[in-house]
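Q: Just the structure for this:
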Amino acid sequence: MKLFGTPQARGFALLAATVAVAASACTPSPSGSAAPSPTGASSQSSTTSPAPSSATPTPETTGSTETAPVPNATATVNALVPGFPEQLIPVMPKTSVRSSSFDKDASLATVALVGTVKAPPEGVVDYYKTSLEAQGFKLVPGPEAVGNVTSLDFIRGDGETVNVSIRQKEGVSTFTIGANVAAGSVK
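A: Below is the predicted model of the structure:
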């Protein structure tokens, strides 16, 4: 297969595709399963699912208004959506959650998390590689970097997949995790 463009251009294309997938996962569905956030929301603390104190997300409020999770929503911004499966996709310690989504209504549940953390991409890779391999996921062999984006693919069983993509800028790693797993394996 012939690749076109520079490695940097391909990296940006991969990052753009990853962000587009994450953003689409956070868009309310036409059926109304996710309620829109209220306009003019005040800057109040958002509530997240209980997590170990070292892994409690702390959304930053600079330049944006926080949105509290909406009950029965499948996606939210700056917080973990209610029911987010933290056993499957744990939140890395000191991560600021940017968006999350969770839909377990189909035979394959979909889970997405976008976060930022002051850590090198290698630290994010190590954290999620250890977590996912402990749950039986296997790292798919292949290149881990496309330009300046680190991307890892994991598979378990006959079709459960997880992708972790990380890009670092000015000492902050932004990562996107997307998972498609059997609905029965999400707790």
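Q: Give the burial count for I89, as a bare number.
A: 25 (other Cβ atoms under 10 Å). Where you see a C-beta, it was placed from the backbone N, CA and C, and this is true even at glycine.
Q: how about the strand or helix carrying V125: buried residues?
A: Here V125 sits within helix 121-134, counting by DSSP states H and E. By neighbour count on 16 or more other Cβ atoms under 10 Å, the buried set for helix 121-134 is 121, 124-125, 127-128, 131-132.
Q: and the residues you listed as a markdown table, adding pLDDT and distance to N180?
A: As requested, the buried residues of helix 121-134 are exported to a markdown table (pLDDT from 0 to 100; distance: Cβ to Cβ, whole Å):
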| residue | pLDDT | distance to N180 |
| --- | --- | --- |
| P121 | 94 | 23 |
| V124 | 96 | 20 |
| V125 | 95 | 20 |
| Y127 | 97 | 21 |
| Y128 | 97 | 16 |
| S131 | 97 | 17 |
| L132 | 97 | 13 |
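Q: Tell me if I'm right that V181 and V111 touch.
A: Yes: with contacts counted by Cβ atoms under 8 Å, V181 reaches V111, the gap being 7.2 Å.
Q: residues bridging contact with those two, i.e. touching both?
A: L88 (Cβ atoms under 8 Å, 6 or more residues apart in numbering).
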